[in-house]
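A.B. asks: when you get a sec, could you give me coordinates for this:
(chains A and B)
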Amino acid sequence: MTTVTMPQLGETVVEGTILRWLKREGETVALDEPLLEISTDKVDTEVPSPAAGVLTKILVPEGHTVAVKTPLAEVEEVGAGGQTGEAVAPSGAAQVAAAGAPADTAASAGAGGAGPESAPAPAPAPMTPTPAATSAPRPGGLPDRGPRSQILSPLVRRLAEEHGVDLSQVVGTGTGGRITKNDVLAYAAARQAAPPAPPAPPAPPPAAAVPQPAATAPQPAPVPPAAPAPQPAAPAPAVAGPREEVVPVSHIRRLIAEHMTRSLQVSARAWNAVEVDMENVARLRERAKEAFRAREGFNLTYLPFVARAVCDALLAFPMVNAEMRGEEIVIKRYVNLGIAVSYEEGLIVPNVKGADSMNLVGLARAINDVAVRARAKRLTPDEVHGGTFTITNPGPFGSLISVPIINQPETAILAFDTVEKRPVVIDDAIAIRHRVYLSLSWDHRVIDGALATQFLVRIKQNLETWDFAEDLGL
Amino acid sequence: MAQTGVESAAAGHGAEPRGKRTEDGQATYLVAIAEALWEEMERDERVFLLGEDIGVYGGAFKVTEGFIERFGPERVMDTPIAEETIVGLALGAAMEGFRPVAEFQYADFMSSGFDEITTALARYHYRSGVPIPVVLRAPSGGGVRASSFHSFNPEPWFAHTPGLKVICPAFPSDAKGLLKSAIRDDNPCVFLEHKWIYRRIKEPVSEDPDFLVPIGIAKIQREGSDVTIVTYGMMVHQALEAAEDLEQKGISAEVVDLRTITPLDKDTILSSVAKTSRALVLYESHRFLGVGAEVGAMIAEEGFEHLDAPVVRLAPPNVPVPFSPVLEDAYLPQVADIEAAVEKLAAW
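C.D. replies: Purely as a prediction, here's the structure:
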């Protein structure tokens, strides 16, 4: 028997969440065939089976968060034939066990004589892998969430009726996805506790896992063993009124909600903004962009210019690049620059490691790389950990000015909005210039307004005065 | 009377068993049983004891040590090694108005008196209407490395026999109170003491000479909400230990101590199952047709509407009790086995 454990998908990853089991108990699985999907913080990935055989037991149900190396499932090898991935006819006893009967029953069935067992084993229909159908409702109306998800005890039926619970909405926590009495009661209680209001947000984890800084830094204060996140109470189901629709909350949505709420809870957020003249940058970009696109294969945006200016300012004002870790402030003399990337399902912030050592083109490439891979969900877990500062860029969507929430445990986040032509006064004349508002949300626990403003002004000066031509090969 | 060291020191001939309590006044299960016998013999002169070597020797486990000096050989009667005769004698004496308490050296040897117990003693009241206030005391159960001739749990045989009450206490207070109730009961009672508990478990026990525990009433020894463990005898102690561990794992187990096998306290069992919806029936008699087979069937039949998972049994396999310590441990449900069974049931 081989035990499948929660893999360590990066050196800073300490736990993961089971998103979805792609195999049910009793199904055969080939070596390296995807067995389940997990999520570590923000990156989702598939876990391949470490052995060929039958998935005999799922130890951690969907939605649970467990520490790295926690056993997740057991795969029973069934001879070399299992390598093909085809269904392997199990022995009589194994078949009974796979069907979920208690082990002692299986044992006594085995001892009960070879009569029925000697007949040719019927094709084990449920053993056929049908990952695509795992969430499709069965004719009975209940979603298929495991081999026991269709089993309803009389007690569960009665309770569901008494409490008016739609069992297709209840996720079973029993073995094999069975809906238990407690599942029904918890569902009913949660619904009563929060009637039509949106579902209560799950309790935030007690302590944010402290990501380690870049690998280049010496080992910092020991990372506290991340306690497995407490299993959130069953959220109260929303009841849709007329012309309303209830949309399930995705995993990424829930994580964003948790992170953003927690950030506002722990930080003393303050905000200010400067207006930056981008005329020089705009003209340079205009001159360079076609050649750049031809050479690099992607568009030259304003973002790498801002990123370059920010990296310099962070080194000049390292308190902005600090972290409140416990009772102390940890200053980082390197920049892992977080870039907020929106994609269909939500928002993710990969960071560019060592951004302070890159020139404009290097930054442009690195930012483009993480953004493309973020949208393709091809980030590695380490790429969303260890950021020191974040830039969010709602400009392309047309916003004038933004008030972002700090990406914990960082100290500040810069919003870079729409660059547009505005009439401005220059030397008592009205001129038309490319202008943008740069705004900073910052943590008043760590820095004060004077420093925040100095930091912003440094970025402004960099963008207005630097000559990026050389970086662009012009 | 300053007696110390319950386990080793004899109270002395003619001394009350109460003198064998610990310094802080606790009684072992064995002492509690001796106290019950002593008090009932003092209370009612129709009560007398009979059995093999219970007089001068004080009994195989020294329960009746000192009794013959206090009550004399006519009320503490040594008998031949002939269990059928012992039961027959007790039955005849009961017909004549006595209240005999017969001791078996080991419950395994009750089968030598089986015919007298099951066909004569158990049925006589049914046939004649005469009260039959007989108590058969016997040390039962395993866990003490005593092999297949000295470790048996015969309670299913006698629970299966109409006309007998079968009592299997797990704690000193219950042993004392139930034995006194059995002696005062007009029906034949099989009182199965557990020899593993004899000297292991002690507790403060009432000294009130009229302290009684009613026959046929189970007791919830530990409250819980997730799983009900229905058990009795030595397994109560294993279940309580398992429940303690399970609490650490977030599983709340309720432990129902039957105390009496027949009459079976269905109400307590079913109300517990109604609360938890999951039942593990844990018993030391053989799994097949053992006590838990009946309890499990009763729950399934009468508590079906409350169940959220199958009733699960945990009991020894159908083999003689092994002598090898390794095998005996494998035979008897262990705390870890109970925890595993409860965890599986709680997750069902």
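A.B. asks: which SS class is the residue in chain B that chain A sits nearest to?
C.D. replies: Residue nearest to chain A within chain B (C-beta to the nearest C-beta): B:D308, separated by 4.1 Å. C-beta here means a position set from N, CA and C on the backbone, and glycine is covered the same way. Assigned with DSSP: H, G, I helix; E, B strand; the rest coil, B:D308 falls in the coil class.
A.B. asks: what about it, neighbour count?
C.D. replies: With neighbours defined by other C-beta atoms under 10 Å in any protein chain shown, the count for B:D308 comes to 24.
A.B. asks: same check on the one 4 residues further on?
C.D. replies: The local packing count at B:V312 equals 22, with neighbours defined by other C-beta under 10 Å.
A.B. asks: separation between it and A:L185?
C.D. replies: Noted for B:V312: a distance of 22 Å to A:L185, by C-beta to C-beta, to the nearest Å.
A.B. asks: that older thread, show the pLDDT at the residue of chain B closest to chain A.
C.D. replies: On pLDDT, B:D308 comes in at 95.
A.B. asks: pretty sure it sits against B:R278.
C.D. replies: Yes - shown here, B:D308 and B:R278 form a contact pair, counting by C-beta atoms under 8 Å, at 6.1 Å.
A.B. asks: show me whatever sits in contact with both of those two.
C.D. replies: Common contact partners of B:D308 and B:R278 (C-beta atoms under 8 Å, 6 or more residues apart in numbering or on different chains): B:W348.
A.B. asks: need the contact list for B:P156.
C.D. replies: Shown in contact with B:P156 (C-beta under 8 Å, 6+ apart): B:285-286, B:289-291.
A.B. asks: what about it, helix or strand, and which?
C.D. replies: helix B:155-159 (DSSP states H and E).
A.B. asks: what pLDDT, on average, does that helix get?
C.D. replies: 97.
A.B. asks: distance-wise, check A:P7 relative to B:G51.
C.D. replies: A:P7 is 67 Å from B:G51, where distance means C-beta to C-beta.
A.B. asks: so between the two, which is more surrounded?
C.D. replies: For A:P7 and B:G51, the more surrounded residue by other C-beta under 10 Å is B:G51, and the numbers stand at 26 against 17.
A.B. asks: how about that one: what's its closest non-neighbour residue?
C.D. replies: B:E103 (3.3 Å; C-beta to C-beta, 6 or more residues apart in numbering or on different chains).
A.B. asks: how many neighbours does the one you found have?
C.D. replies: Count around B:E103 with other C-beta under 10 Å applied: 25.
A.B. asks: can you pull the phi and psi angles for it?
C.D. replies: Note on B:E103: backbone dihedrals following degrees, to the nearest 10 are phi -110, psi 130.
A.B. asks: report the separation between it and B:F109.
C.D. replies: For B:E103, the distance to B:F109 - C-beta to C-beta - is 11 Å.
A.B. asks: ok, A:F455 next?
C.D. replies: According to C-beta to C-beta, A:F455 stands 93 Å off from B:F109.
A.B. asks: more neighbours: these two, which one.
C.D. replies: Neighbours were counted for A:F455 and for B:F109 using other C-beta under 10 Å; A:F455 has more, 25 against 18.
A.B. asks: okay, and the more buried one sits in which element?
C.D. replies: Per DSSP H and E, A:F455 falls inside helix A:449-465.
A.B. asks: and that helix, what other elements does it pack with?
C.D. replies: strand A:269-277, helix A:279-296, helix A:303-316, strand A:412-416, strand A:429-443 (3 or more C-beta pairs under 8 Å, 6 or more residues apart in numbering or on different chains; DSSP states H and E).
A.B. asks: quick check: angle from it to strand A:269-277?
C.D. replies: 20 degrees (axes from the mean of the first three to the mean of the last three C-alpha atoms, to 10 degrees).
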